Structure formats: structure tokens, C-alpha cells
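> fold the following, please.
(chains A and B)
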Amino acid sequence: MKTKIPIEELLRWRLARAEAEAPRPPRAARLLELARPWWEVWPEQFRSLVERLGQVQVGYGHAMAEPTQSRTARPVAALIVRAGEEFQASASVLYFSIEGRRLRLRLQIDPAHGRSDPAFEVTFIAAATSIPLFSSHATLSVENEYRLDAELPEEVAADWGEMKVTDRMPFRLILRADTNS
Amino acid sequence: MRFVWFWTFWHWSRESFREGSLLRRPLHGIGSHWDEWYLHEASENDRQAVKETGRTESTQRQFIAWIFLHWTREANWQRNRLTARFVLGQLAQVPPFNQWAAFKEYRTSYCLGGISAVVLAEGSPGEAGDVRQIEAIALPDDSGGGAPKVVPEGFQADSPQLDIPRRAAISLLSGKGFLVFLALWITGGRRPYPRWLSIVITLGWMGLAGLVIYLLRGPDPQARLFSFATVLVTLWAGLLLIALTVVISQSFRAWRAGKKWSSKLERSQLRLRMPGGLKLKGSSAGLPFCLNTLLSIYRVDPPAAHRSWLWQRFFRKLHSEAEAWAATGTVTPNASVKSVVLEPKFRACLQQVGITRILTPRQRDGNQRVIDRVTEALTAIRRKNIQATPVLTTSQLGFAADTRALRSYSCRHVAQAIMSMGDLSSRWQMGVNVLASVVSAAILIALPDLRSIIAPPPAPIPVTPSSPSPYYLWVSLNTEKPESFQVVLESKFWTNRRAVVKQYSGANASVRAEIRLQRVAHQTSFNEEDGTVWIERRRHFLTREFAPGERVGRYSLSYLSRLGYE
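Take a look at the predicted model:
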């Protein structure tokens, strides 16, 4: 029996075997389906969530006794969606930086709204029009704080380019912990 | 320059805050800012340098030491000694520091220690784990009032649960709470005397009390009365001066230090750390929150306490023995302590090694008897458990180690807790104060008497009016102190009489002594003008009148009876 097999032949054999065992590639239609954002895949669910998000009222009333030069976060209305449950919440934007079309954002969710999920899919909804802008993945950083790094659509990047962390945020958030449903 | 990468990060953080990318100031958000910088902003060189620093535990510790010794000073945080601990505590949560061995101790605490709170987990009957150590850090708050004044770490709480203990702490430093504390200290608090002086002062007050009793009940001191009165007044004035000087100076110093700390606390952000991730329900952690707040403000700048013996004694004791103390009780903004559930908390403390003293509100089920009962119940359970376990050896079991001493200190006000924790209460001093108050009250009442003994009023001379009746002799005197004089008639024709000088009002108003003239039964003289009138000093001490003193006037009866008529 021949025991010496060249390595190239062995690799070709392994490749052929892997190709034979690999699952069938998805069809183009399926690929297009997967690339579609969730709000297009489940428009009914999206509509209902946006409706609930619209009910979240957040904002500070400054009943100031004396003038201060305080630097406070402007709360952003948020809806936390977990498997089978939804919470109305508010989020504070702690860091907001846009370089080119790259958005880097850190936000803190009101800690009164239960446990800290390890990650969320964050959907940005235009505050004025309730139109979904984009979505991105946010991961837990420290103590109820999430970091997010996203490529912005061109027109959004142009609109938000000059924004500061203390400005009123022109978006609301849907935070989905369970992205399968 | 060492650890340039940290300066690079710090500079980025400050610039990002200045240009409006970061919401929180560089210090307050340091952990989060580092995470952002390290993930996205750090250059390859910076990462390499960080990696080099973290290579060994020794270099990691060098970085920690550098933060303590150099960075805090160069970044202008030297006025707050807790800043370095806060920075290390925050960095310890994020990569790569969360993997560094030297940061292990900072991951769960600030390594400061503090008074424990007894916060029962849901359904817990009182377990060792329910005793949770609280750490408080006061950081400079330069947010302009926008940031919350108290930030919970490791637990969740409603705003009043955190704010009320802070307000109580401010009250204790410079408000009504401080006045209660001072009142408690003045009435029964240890004084900053050396032991020998304390003994001398106590002996002094006892001596004074003895002298007062002697003057009231002892034999008439006769000529020594002046010496006794002088000693009494001098000693009393001396002791009172010492007591008042100490009380006033210590009160003033404590007030000044408290005022300074209070304004510092108002300008600070307080971070309270309690492990367990609990959502706090109820307000029984208010007392430990309040005491830890006080401790944190001391730890910011310990030398500031040197100016006040009172605060220094309390804070030093608290700082060194905090880990032996647990506390429970609801506090109000004016620092009163309200009752809470106690029995399961005693049970928890008895099972927690290291807790030997507990502060509780003053309530019926908070006394030592309840603790003893819970201790006995716990011992019985342990005994039962041990006996149920098969024992292979025949040796005797000893249960002495099972029962630990837990002493409870009950209080109605946080000021009482301060007195207990600072070991400021002194029954001896309270006894001395009571004695001093009684003696002082007696001396104050007797002060006019003592004055007339030590500095007698000038000798009076007889003036008009004289008696309009031949049966009476009036000796009117020009004195404003009638109670200090009396008049004596010595005659061979008239009965010898002694009369006190009084103020008379009416038609012939004057200060005078009135003597009724009465012939003696066996006269040795037939001259009805025979007689001498003496003016004598009277000497009193409270209710006692001593033997007459010096004779300060001698007048003939004929002169006095004609005074004003010729």
C-alpha cells in the first residue's frame, strides 16, 4: 500500500470532501431576503413597535432655582424588545462622534429597566418622521452602557455631522435583544 | 516620561469633552472613556506600550503607584485623595485592566472599607451574605449641578433613598444635626484633657462640692471664712474657665471643620458602592449610607480633621474600625433615626465574621437581650446540625467558638451614633458635669453672699430719719446693702438687742434697723441715754448665717436718738 501521499494531493482531497459535505448555497432570493432590514421583513411588527415608541415621553423640565452651567444628557426615547416582552425606557447618549460616515456612539439605558443584556440590535428611527434610518449592533461595555460603531447612510451622515452629545438627538431607538423574532 | 499612553488617553478624553463628543467629564466617565479610546483611538504604539506595562504584575503595580503618586498630582487631583482609588476602580472594569492581576482588588471594591449595611436578600431569614460592606467615595463635582449628587454602584436605588442620607450628613456637619451632636458632647462627652488633668479637674469639682457642704453644714469657720470664700470662688472660676474654654474652642473648631466639609460635600458627587446588584427596597440602609458619606468626606482630606479634636477622634476611630461595624436604620433629613426590622439583621450579623458592633434605632426589640436570644437560637441550630453529622472520633465537641459577641448601640439620632462610634460618650464625664452643674448653680445663687464676704460693702454711717416714737430706736444707714449689716444695742438701762437692717418703705422710707427700747429689770444705770450702738457686718452663705463679723461703727445712743432733731 502506498503510504507516501504528497501534501498537495491531500489538500485537494480535503477540499473536494468539504465541498461535497457543504450545505447548498442559498438562492439569490434568500440572500436578498437576508440582506433586507428587519423592518422590511416584518413591517407589521415594526409599525406596532414604532407606535409604542411614540408613546414614550421623555425630557427634562428645568425648574431651576439658580442659573447653572450644567451639561446634562438629553434623554432619548427607547423601546427595549426582549422575547415576549417590551419595555419603554430612556437612554442617555454619553459619546457621539462622527468621522466621515462612521458613527461611534455610547449610550446608557435607564437602569430602572431591569437586567443588562449583553447586546442589542439598535434601530434608529427618525424622531420627526418615524422612518427607520439604519440599524446596528451595540454591545455591553460597562455598567448598563452600550457601545455602537456603525456606517451611516450618506444623507444621515451629512445631517448629523455637526451634532454634539448635548444636542437634542433627532432619533428614537428600538433595542432588540432577541433578533430572531 | 512614564506611561505616556495614559496621558495620551487623558488628553483625548479632555479634548473630546471640550469639543462636545463626550457627555461626562473626563474623571467621572473615565472607565467608559478608556474603553472607547482603547478600542478605537489608541495607536499601535500606545497599545504596545499598554501591553508592555501589563506584561508582569510588577509593572502593573508600578502603574498603580504612578497613578497614586504622580498622575493625581499632575492632573490636579491632589486635593482629593480618593480620586486615584476611583480611577483605578473604574479602570479595573475595562480591558485590558480587567485582565491584570494587580487590579484584582479594585474590581470589586475601592479598597477603602466602610460600615456595612444589613440588606436582606428576598426571602432571607438573615444570612451572612446579607451584611454588605458599603464604600463611599466623594469626587469633585464640576458638572455645574447637572450630574446626580449620589451615584449608586453595584445596586439600584431611588433618588430619595440616596439623597436623604446625604442631606442628613450635611445637617450633621453644619446644621441642626451638628447642634444635637454638640449638645450631646457638651452634656456627656469625653474631653480632650490628658488623664492627669482630667483627674485634677474631677478632684477640683469634688473639692468644691465638699467646701459648699462644709460652708452649709460644717462648724462656723469664724475668721477663716474669708479664706474659704476666696478659695471657693477662685477654684470655681478656674474650673469653669477651663471647662468653658475647652467647650467653646472645641465647638468652634468642630463647627468650622464641619462647615468646610459640608460645603465640600455639597460640591461633590458621592459614589456609593454596595455589592450584590440589588434593587433597594425600603430605607433601612439610610444610616450606613449617612455614616459612610461622612467617612468619605473625611477621607478626601484627612489632615483637615487635625484642627478639630472632636471630628478627628470620631473619624480616626471610624476609619480604623469601620469594618467591625454594621448599621441599620432609616434616617430623616434632620438626621433622626427611625425604627426598622431588626431580628433577621441581628441573625445576619451574628453569622458574619468580623462584625462585632451594630448600630440600630432605639426601639423595643433592639436591645442586647434580643441579640442574646438570637445568638442562643443560632447556637442551638448549629449544635443540632453537628450532632446530626456522624462523628468518627470520640472527642468532645466545644461550642464556645460558635457564639460571637455582638454588641448593639441604639440611637435616636445619627449624632448619638457618632458619639458611640467615636467612643466619645463618657459616663464619668457626665457625672462630673452633673456635679459641676449643681456646684455652679449653688455658687451662682450664693455669689452675692460670697461677694459681701470677700469684698464687703463700705461701712455705712447713721442718717435721718430717727424714730418719731420714744419707745423705738431707729438706726437709719446710708447703704445699698442692708442685708450685709446689723445693729447691736448695748446698754445698762435698756435691754441689749440686736436688729437686722432692712429696707422700709412708707412715710419714713429708709434703710434702717428698728430696736424696741425696753428697760432692763435690774438696771445698773439710771441714765436713759446710756448705751452704745454698734454696726456689725452680717455674713451669709445661702441659707446659713455665720457669726457676726467685723464691727464697723460705734455710736452713742444719745447721738442716734437726737439725730435729725437737733
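> strands of chain A, residue ranges please.
Listed in chain order, the strands of chain A (DSSP state E) span A:75-82, A:85-99, A:102-109, A:119-126, A:132-140, A:145-151, A:171-176.
> output those strands as JSON lines; include the columns mean neighbour count and distance to chain B.
For the C-beta atoms, the positions are set from N, CA and C on the backbone; glycine is no exception. Shown next, in JSON lines, are the strands of chain A (neighbours: other C-beta atoms under 10 Å in any protein chain shown; distance: least, C-beta to the nearest C-beta, whole Å):
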{"stretch": "strand A:75-82", "mean neighbour count": "21", "distance to chain B": "12"}
{"stretch": "strand A:85-99", "mean neighbour count": "19", "distance to chain B": "5"}
{"stretch": "strand A:102-109", "mean neighbour count": "22", "distance to chain B": "6"}
{"stretch": "strand A:119-126", "mean neighbour count": "21", "distance to chain B": "15"}
{"stretch": "strand A:132-140", "mean neighbour count": "17", "distance to chain B": "10"}
{"stretch": "strand A:145-151", "mean neighbour count": "19", "distance to chain B": "6"}
{"stretch": "strand A:171-176", "mean neighbour count": "23", "distance to chain B": "16"}
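> would you list those in TSV and tack on mean pLDDT?
Output for these, formatted as TSV (pLDDT from 0 to 100):
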stretch	mean pLDDT
strand A:75-82	88
strand A:85-99	89
strand A:102-109	91
strand A:119-126	92
strand A:132-140	91
strand A:145-151	92
strand A:171-176	91
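> show me what contacts the closest residue to A:F120 other than its chain neighbours?
The shortest distance from A:F120 to any non-neighbouring residue, by C-beta to C-beta, 6 or more residues apart in numbering or on different chains, is to A:L175 (4.1 Å). By C-beta atoms under 8 Å, 6 or more residues apart in numbering or on different chains, A:L175 lies in contact with A:78-81, A:89, A:91, A:109, A:117, A:120-123, A:138.
> okay, and the closest residue to B:W236 other than its chain neighbours sits in which element?
Among residues not flanking B:W236 along the chain, B:I443 sits closest, at 5.1 Å (C-beta to C-beta, 6+ apart). Secondary structure assignment for B:I443, by DSSP states H and E: helix B:427-445.
> and chain B, which residues reach chain A?
Taking C-beta under 8 Å from any C-beta of the partner chain as the contact definition, chain B meets chain A at B:16, B:19-24, B:29, B:31-33, B:35-36, B:39-40, B:90, B:93-94, B:143-147, B:153, B:156.
> tell me which of those fall in helices.
The helices, defined by DSSP state H, take in B:S16, B:E19, B:G31, B:S32, B:H33, B:D35, B:E36, B:Q90 from the residues of chain B next to chain A.
> which one of the contacts of A:L175 is nearest to B:G189?
For the contacts of A:L175, the closest approach to B:G189 (C-beta to C-beta) belongs to A:I109, at 49.1 Å.
> and the closest one, bridged to which residues?
Beta-bridge partners of A:I109, counted by DSSP bridges, are A:A91.
> and the strand or helix carrying B:L184, what other elements does it pack with?
Secondary structure assigned from DSSP H and E places B:L184 in helix B:176-188. Under the contact criterion of 3 or more C-beta pairs under 8 Å, 6 or more residues apart in numbering or on different chains; DSSP states H and E, helix B:176-188 touches helix B:159-174, helix B:225-266, helix B:414-421, helix B:427-445.
> any stretches of chain B with poor pLDDT?
B:1, B:78, B:142-146, B:386-404, B:566 (pLDDT under 70).
> can you give me the strands for the stretch 451-566 of chain B?
B:462-463, B:472-477, B:485-490, B:497-500, B:502-504, B:510-516, B:532-537, B:540-541, B:544-545, B:551-556 (DSSP state E, counting those that start in this stretch).
> deepest-packed of the ones you listed, please.
The highest mean neighbour count among these, using mean count of other C-beta atoms under 10 Å in any protein chain shown, belongs to strand B:472-477: a mean of 23.
> disregarding residues adjacent in the polypeptide, which is nearest to residue 100?
Using chain A here. Closest to A:G100 by C-beta to C-beta, 6+ apart is A:A157, at 7.3 Å.
> sorry, I should have been clearer: chain B.
Closest to B:W100 by C-beta to C-beta, 6+ apart is B:Q60, at 4.8 Å.
> from the chain's centroid, how far away is the helix or strand encompassing that neighbour?
Per DSSP H and E, B:Q60 falls inside helix B:57-66. Its chain's C-alpha centre and that of helix B:57-66 lie 42 Å apart, by C-alpha atoms, centre = their mean, to the nearest Å.
> same check, this time on stretch B:555-566
Per C-alpha atoms, centre = their mean, the displacement of stretch B:555-566 from the mean C-alpha position of its chain is 67 Å.
> stretch B:161-170 now?
20 Å.
> contact partners for the spatially closest residue to B:M430 that is not a sequence neighbour?
Using C-beta to C-beta, 6+ apart and skipping the chain neighbours, the partner closest in space to B:M430 is B:G188 (3.6 Å). Listed by C-beta under 8 Å, 6+ apart, the contact partners of B:G188 are B:S425, B:S426, B:R427, B:Q429, B:M430, B:N433.
> sorry, back to before: tilt between the helix holding B:I443 and helix B:176-188?
80 degrees (axes from the mean of the first three to the mean of the last three C-alpha atoms, to 10 degrees).
> what does stretch B:79-91 rub up against?
By C-beta under 8 Å, 6+ apart, stretch B:79-91 touches A:142, B:27, B:30-31, B:34, B:64, B:67-68, B:71-72, B:77, B:97, B:103, B:106, B:109-112, B:137-140, B:271, B:273, B:296, B:299-302.
> give me the buried subset of those.
For these, a burial check counting by 16 or more other C-beta atoms under 10 Å in any protein chain shown picks out A:142, B:27, B:30-31, B:34, B:64, B:67-68, B:71-72, B:77, B:97, B:103, B:106, B:109-110, B:112, B:137-140, B:271, B:273, B:296, B:299-301.
> can you list the helices and strands packed on helix B:176-188 in a markdown table and add mean neighbour count?
Converted to a markdown table, the helices and strands packed on helix B:176-188 look like this (neighbours: other C-beta atoms under 10 Å in any protein chain shown):
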| stretch | mean neighbour count |
| --- | --- |
| helix B:159-174 | 22 |
| helix B:225-266 | 16 |
| helix B:414-421 | 25 |
| helix B:427-445 | 16 |
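> so who does the residue nearest the centre of chain A touch?
Nearest to the mean C-alpha position of chain A, by C-alpha atoms, centre = their mean, lies A:V122 at 2.3 Å. When the contact criterion is C-beta under 8 Å, 6+ apart, the partners of A:V122 are A:S135, A:S136, A:H137, A:A138, A:Y146, A:L148, A:L173, A:I174, A:L175, A:R176.
> my guess is the second one meets A:R147, correct?
In this case it means A:S136. No. A:S136 lies out of contact with A:R147 (C-beta atoms under 8 Å); the separation is 10.4 Å.
> tilt between the next helix or strand after the helix holding B:L184 and helix B:225-266?
Note on helix B:176-188: by DSSP H and E, the next helix or strand toward the C-terminus is helix B:195-217. Interaxial angle of helix B:195-217 relative to helix B:225-266 (the same axes, to 10 degrees): 140 degrees.
> what does helix B:195-217 contact?
With C-beta under 8 Å, 6+ apart, helix B:195-217 has contacts from B:191, B:193, B:221, B:228, B:231-232, B:235-236, B:238-239, B:242-243, B:428, B:432, B:435-436, B:438-439, B:442-443, B:541-544.
> would you put the C-alpha positions of it in CSV?
Provided in CSV are the C-alpha atoms of helix B:195-217 (Å, rounded to 0.1, in the frame of the first residue of the first chain):
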residue,chain,number,x,y,z
ARG,B,195,-5.6,61.9,82.1
TRP,B,196,-3.8,63.7,84.9
LEU,B,197,-5.7,66.9,84.1
SER,B,198,-9.0,65.0,84.0
ILE,B,199,-8.3,63.6,87.4
VAL,B,200,-7.2,67.0,88.8
ILE,B,201,-10.4,68.7,87.4
THR,B,202,-12.6,66.0,88.8
LEU,B,203,-10.9,66.3,92.2
GLY,B,204,-11.3,70.1,91.9
TRP,B,205,-15.1,69.8,91.4
MET,B,206,-15.4,67.3,94.2
GLY,B,207,-13.4,69.7,96.5
LEU,B,208,-15.7,72.5,95.6
ALA,B,209,-18.7,70.4,96.4
GLY,B,210,-17.1,69.5,99.7
LEU,B,211,-16.4,73.1,100.5
VAL,B,212,-20.0,74.1,99.7
ILE,B,213,-21.3,71.4,102.0
TYR,B,214,-18.9,72.4,104.7
LEU,B,215,-20.0,76.0,104.5
LEU,B,216,-23.6,75.0,104.7
ARG,B,217,-23.4,72.4,107.4
